[in-house]
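>>> Here's my sequence, what's the structure:
(one chain, ligands or ions: 4)
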Amino acid sequence: EAKRTGRGTLCFFDPDLDQVTRDRHALGKDLREALARQQFELHYQPVYAAVPRQLIGYEALLRWRHPDRGMISPAEFIPIAEETGLIHLLGEWVLHTACQEAATWPQDLQVAVNLSPAQFKREGLVKLVQTCLEQSGLTPARLELEITESVLLDETLANFSILKQFQSLGVKIALDDFGVGYSSLSYLRSFPFDKLKIDRSFVTEMPSSKQAAAIVRAITTLGHSLGMITTAEGVETQEQLDALRQERCDLIQGYLYGRPLPAEQLVHKGGQGA
Ligand code: C2E
Ligand code: MG
Ligand code: MG
Ligand code: MG
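Ligands and ions are numbered 1, 2, ... in the order given. Down below sits the predicted model:
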């Protein structure tokens with residue numbers, strides 16, 4: 001097998017690649033059994049209004065408690081789930097679980113669920129969301145679906161139609177990792193997202209980088225002009241928070257305010273402090 005290395009040269013028979021392929025294969029097999037063995041968990045990371053600080057809700061983030069390998073990050077296993085098609089069953093489980101859980105929270109709290117582009121390729125996604133809302137009794141406006149630009153890249157028309165159907169159910173739609181894709185602005189023209197989530201890479205560079213701050217300001221201004229609210233992802237320091245408040249970013253999510261936690265550890269505490 002051939003592999004393109006970081007420097008753009010080709011190198012043949014790369015033992016590392018072989019190992020990576022074998023690992024992925026093994027993980028793929030484990031992944032199929034993991035659902036039945038109840039090895040998946042949702043952790044919930046709090047999202048706060050920037051000013052005044054107030055708990056708005058949580059983003060559901062998937063975790064895999066692997067019996068040998070410990071906690072595995074979704075960044076590692078979601079791509080495999082997408083390749084093997086398990087993403088459909090897994091995505092169903094995530095939606096059902098998040099809605100059931102959120103229905104037990106105080107009425108004003110929302111839950112955000114990440115959708116993989118692969119889930120849009122199979123019929124029945126809208127029906128699934130509807131069923132999850134009905135079975136949990138969760139008010140549709142308390143559910144937010146997070147998608148990335150890649151959902152809009154292919155099968156554009158079909159996916160736009162699905163997003164419109166979500167919105168007619170009363171569900172909110174957020175554009176995740178905003179600013180690092182290819183042609184973000186044209187999507188904003190064609191779909192009325194409820195929220196833009198500013199990618200962590202911009203937040204990380206604040207406040208030292210004037211460029212990053214200018215981009216955050218531009219995204220926030222643009223979003224507001226289009227009737228969308230903005231969330232900053234990955235806020236880790238007070239300095240970042242101050243800078244984000246100055247740039248009028250609406251919502252704050254990051255380790256500064258809270259890490260993702262298992263449902264039973266959530267406290268639902270609102271304001272207090274800065
Ligand atoms: P995302 O949706 O952009 O989620 C935000 C990621 O940033 C999460 O990583 C979160 O734990 C992390 N994060 C939050 N605050 C901070 C911070 O202050 N500093 C740093 N360094 N990181 C922070 P996580 O949980 O590893 O998830 C990674 C990605 O996996 C997610 O990115 C999302 O794209 C995907 N993912 C997670 N859960 C699901 C799911 O249920 N379904 C699908 N399809 N994808 C999921
Ligand atoms: Mg997300
Ligand atoms: Mg994100
Ligand atoms: Mg991200």
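
>>> pretty sure Glu83 contacts Gly28?
Yes - using C-beta atoms under 8 Å, Glu83 is in contact with Gly28, at 7.4 Å. For the C-beta atoms, the positions are set from N, CA and C on the backbone; glycine is no exception.

>>> Helices along the stretch 51-200 of the chain, start to end?
Counting by DSSP state H, counting those that start in this stretch, the stretch 51-200 of the chain has helices at residues 74-84, 87-102, 125-136, 150-153, 156-169, 184-190, 200-204.

>>> Which of these sits closest to Ala243?
Taking C-beta to C-beta, helix 200-204 is the member of the helices of the stretch 51-200 of the chain nearest to Ala243, at 8.8 Å.

>>> what packs against the next helix or strand after the closest one?
Next in sequence after helix 200-204, counting helices and strands by DSSP states H and E, comes helix 210-225. Here helix 210-225 touches strand 195-198, helix 200-204, strand 229-232, helix 238-246, going by 3 or more C-beta pairs under 8 Å, 6 or more residues apart in numbering; DSSP states H and E.

>>> for helix 210-225, the distance to its chain's centre please.
How far helix 210-225 lies from its chain's middle: 20 Å, per C-alpha atoms, centre = their mean, to the nearest Å.

>>> ok, residues contacting it?
In this structure, residues lying in contact with helix 210-225 by C-beta atoms under 8 Å, 6 or more residues apart in numbering are 178-179, 188, 195-196, 198, 202-207, 229-230, 232, 243-244, 247-250.

>>> Now do the buried residues in it.
Across helix 210-225, burial judged by 16 or more other C-beta atoms under 10 Å covers 212-213, 215-217, 219-220, 223.

>>> Stretch 179-197 too?
179, 181, 184, 187-188, 191, 193-197.
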